[in-house]
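1. Here you go, sequence then predicted model.
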Amino acid sequence: MKELEVQLDKDTLYVCPQRDLDMAEAKTFRLEVDGQLFARSNIRRLVVDLSKVKFIDSSGLGALLGRYKLLQSRQGEMVLCEVDSRVYRILELSGMKKLMIIKQADEQKEKECKQW
Amino acid sequence: MVKENKVEVRFSSIGENVALARMVLSAFLMPCDLTREILDEIKIALSEAVTNSIIHAYGEDANQTVILRMCLNDDILTLEIEDNGVGIPDIKKALEPEYSTMAEHMGLGFIFMKTFMDELEVVSEVGKGTKVILRRQLTEEKAISEVG
């Protein structure tokens, strides 16, 4: 199975989870992103491409929130892009929408996500 | 629509099986022709219950078994998620918002189960295990969502 895609561009880390964000994928996401963040203290932006995520539960939300806090602790920001409407609904319901910059799948005028 | 159906599945307590449980549920509910939103909500509730069994009840011990029972009776869906794990010492406290014994877990598990299902029942005994029973009426809401 394909693990999540990661790319680094200057101070921005682009990550693309390859499947729905439940406890299994959340763990992969957390380990990979934390590894990159701890190895490179210059990372100030985390862009998460959620185009392949059609489902998220509290494990996935927890993984996103945990990374958001890490970015915040280094005065950075976190962007969620290509967010599916069903996932967006859950982000809204959990209050995460207020914390992060969220771009839905249909508002891609300002292309944020890396081309994989 | 299928009037009555029962399925029981037993699986290893590994993270990958949370997705498997959701797939089995989707297949089980296929004849009900639910909207994507309703199906998503039920899938989240199940995902939370199975995750709790794997992480909290079994401490991610892959050699344990989680049992999922799905029952459709007329338009009432009942899901039972059972484990033989550590059990919950204080169910009332566990059901409180943002209660979490682990960092990174938002304490949203039971909140999502309560929010997305009509009924949530938790039966647990320390050292014996936990059974979570989730119920939701399907047809009335389906009618509402179709009108809306």
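-> Received the coordinates, thanks. Numbers count the residues shown, from 1 in each chain, chains lettered A, B, ... in the order given.
2. And the helices in the chain?
-> Using chain A. A:23-39, A:58-73, A:85-93 (DSSP state H).
3. try chain B instead
-> Using DSSP H, helices in chain B cover B:16-29, B:36-52, B:91-94, B:109-116, B:139-147.
4. from those, which stretch is densest packed?
-> Across those, averaging neighbours per residue (mean count of other C-beta atoms under 10 Å in any protein chain shown) puts helix B:36-52 on top, at a mean of 23. The way it works is simple: take the backbone N, C-alpha and C, and place the C-beta from them, glycine included.
5. Residue numbers of chain A in contact with chain B?
-> A:19-20, A:22-24, A:27, A:30, A:55, A:57-59, A:61-63, A:65-66, A:86, A:89-90, A:93-94 (C-beta under 8 Å from any C-beta of the partner chain).
6. So which residue is dead centre in chain A?
-> Against the mean C-alpha coordinate of chain A, by C-alpha atoms, centre = their mean, the closest residue is A:Val48 at 3.0 Å.
7. contacting residues for that one?
-> With contact set as C-beta atoms under 8 Å, 6 or more residues apart in numbering or on different chains, A:Val48 has these partners: A:Val15, A:Cys16, A:Pro17, A:Leu64, A:Arg67, A:Met78, A:Val79, A:Leu80, A:Cys81.
8. Let me know the distance separating it from chain B.
-> 16 Å (C-beta to the nearest C-beta, to the nearest Å).
9. which bits of chain B sit near chain A?
-> Checking chain B against chain A by C-beta under 8 Å from any C-beta, the hits are B:14-16, B:18-19, B:22, B:36-37, B:40, B:43-44, B:47-48, B:51, B:54-55, B:103-109, B:112, B:115.
10. residues near B:Asn73, how many?
-> 12 (other C-beta atoms under 10 Å in any protein chain shown).
11. in chain A, which strand has the most residues?
-> strand A:77-83 (DSSP state E).
12. Against which helices or strands is that strand packed?
-> Here strand A:77-83 touches strand A:45-49, helix A:58-73, strand A:101-104, going by 3 or more C-beta pairs under 8 Å, 6 or more residues apart in numbering or on different chains; DSSP states H and E.
13. Show me what the last one is packed against.
-> Spelled out, it's strand A:101-104. Using 3+ C-beta pairs under 8 Å, 6+ apart, strand A:101-104 is in contact with strand A:77-83, helix A:85-93.
14. Need the pLDDT of the residue nearest to the centre of chain A.
-> For A:Val48, the pLDDT comes out at 96.
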